[in-house]
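**Q** Pasting the sequence and the predicted coordinates here, then a few questions.
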Amino acid sequence: MSRKGPVTELVLNRPERRNALTERMLTDIPGLLNEALEDAGLRVLVVRGAGGHFTAGADIGEFADIYATESRADAYSLTIARALDALAAFPAPVIARVEGACIGGGCGLALACDLRFATETARLGITPAKLGLAFPFNDTKRLVDAVGIPAAKDLIFTARHVGADEALAMGLVDRVWPLEHFDAEFADWLAPLLAGSPHTAKVMKQMIGLIAGGAAQETSETRKLFRDAFTGDDFQEGYQAFLGKRAPDFTKRRS
């Protein structure tokens, strides 16, 4: 983990293996996310890989051990689910910076993020068909939510790799920028988010998550989310800023 002001980065750092995900890396993710939450100034979490790639997916070198027994395979499956579900449930916005390879479980990791911003070098693929495996249910649900059923079937049945532009067209990624301009473009995109209310981002991430999970009507939970905003510090600051014809400063906190 590294912090750059209000932006915290979770870096996949095995560049010699295109950041292939070991079981240990997946096990560590929930704890690292909990550590990140201790920083009250965190506004955005960026997940990226080192050395020009996002991640080539699971480390196949571990498979002989992981799939040695049914109980061992079940434990590994639970480790994956815990890591990706923790990422999906992270209360602040989570952005995947997708560069180079984003394959197999790497796509699962990227799909657990709120948004996926890619460089033109990105190549994405969902490849369990090449190994006779299945894609985890939660990952498949997120894939279908992102691209729709026909495109999800296309990607999974063929296990083909798609470039950044095709991934953008099908909804697998949300922005594509040239590598040399990525940092500047991302900073431009990020500026209004950082100027806005962190409470709004947190609450609306919860609300959208409920809708994505199947909620179709107002509930006591959603009414409370809406109502509680009016008593929060961010609303008081935003309202006073509006009356005073000034920009709000949501870094302020009142007792």
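**A** Arrived safely. Numbers count the residues shown, from 1 in each chain.
**Q** Neighbours of His199, how many?
**A** Here the neighbour count serves as a burial measure; for His199 (other CB atoms under 10 Å) it reads 17. Just so you know, the C-beta spots here come from the backbone N, C-alpha and C atoms, and that holds for glycine as well.
**Q** Tell me how far it lies from Glu9.
**A** Counting by CB to CB, to the nearest Å, the gap between His199 and Glu9 amounts to 23 Å.
**Q** And for Lys245?
**A** Lys245 sits 36 Å away from Glu9 when distances are taken as CB to CB.
**Q** now swap in Leu155 and tell me
**A** For Leu155, the distance to Glu9 equals 27 Å [CB to CB].
**Q** okay, these two: which has more neighbours?
**A** When Leu155 is set against Glu9 and neighbours are counted by other CB under 10 Å, the residue ahead is Leu155, at 24 against 16.
**Q** correct me, but that one touches Ile149?
**A** No - counting by CB atoms under 8 Å, Leu155 stays clear of Ile149, with 11.1 Å between them.
**Q** Not counting sequence-adjacent ones, nearest residue to Arg175?
**A** Distances taken as CB to CB, 6 or more residues apart in numbering place Phe117 nearest to Arg175, at 4.4 Å, with adjacent residues excluded.
**Q** Surely that neighbour is within a strand?
**A** Yes - the assignment for Phe117, made by DSSP: H, G, I helix; E, B strand; the rest coil, places it in a strand.
**Q** Identify the residues contacting it.
**A** 95-98, 173-177, 182, 186, 189 (CB atoms under 8 Å, 6 or more residues apart in numbering).
**Q** Surely Ile115 and Asp174 touch.
**A** One correction, residue 115 is Leu, not Ile. Yes - the criterion here is CB under 8 Å, and Leu115 meets it with Asp174 at 4.8 Å.
**Q** So which of these two has more stuff around it?
**A** Regarding Leu115 and Asp174, a neighbour count based on other CB under 10 Å identifies Asp174 as having more, with 18 against 13.
**Q** How about the contacts made by that one?
**A** For Asp174, counting by CB under 8 Å, 6+ apart, the contacting residues are 115-117, 168.
**Q** average pLDDT for the strand or helix carrying Pro30?
**A** When elements are assigned from DSSP states H and E, Pro30 belongs to helix 23-37. Mean per-residue pLDDT for helix 23-37: 97.
**Q** One more: stretch 54-62?
**A** Per-residue pLDDT values over stretch 54-62 give a mean of 97.
**Q** Buried residues in it, which are they?
**A** Neighbour-count burial for stretch 54-62, counted by 16 or more other CB atoms under 10 Å, picks out 54-59.
**Q** Relative to Leu225, which of the residues you listed is nearest.
**A** When those are compared for distance to Leu225, the smallest value, 32.5 Å, is given by Phe54; criterion: CB to CB.
**Q** Spit out the contact partners of the closest one.
**A** Listed by CB under 8 Å, 6+ apart, the contact partners of Phe54 are 12, 19, 48, 96-102, 106, 109-110, 122.
**Q** Work out for me the element the nearest residue to it once chain neighbours are set aside sits within.
**A** Nearest residue to Phe54 in three dimensions, chain neighbours excluded: Cys102, at 4.2 Å (CB to CB, 6+ apart). Taking DSSP H and E as the definition, one finds Cys102 inside strand 101-103.
**Q** From Leu168, how far out is Asp85?
**A** Taken as CB to CB, the spacing of Asp85 relative to Leu168 amounts to 26 Å.
**Q** ok, these two, which is more surrounded?
**A** Comparing Asp85 with Leu168 by neighbour count (other CB under 10 Å), the higher total belongs to Leu168, at 17 against 14.
**Q** what residues are up against that one?
**A** Applying CB under 8 Å, 6+ apart to Leu168 gives the contacts 118, 174-176.
**Q** Tell me how this structure divides into domains.
**A** Listed domain ranges for the chain are 2-191, 197-243 (source: automatic domain parsing).
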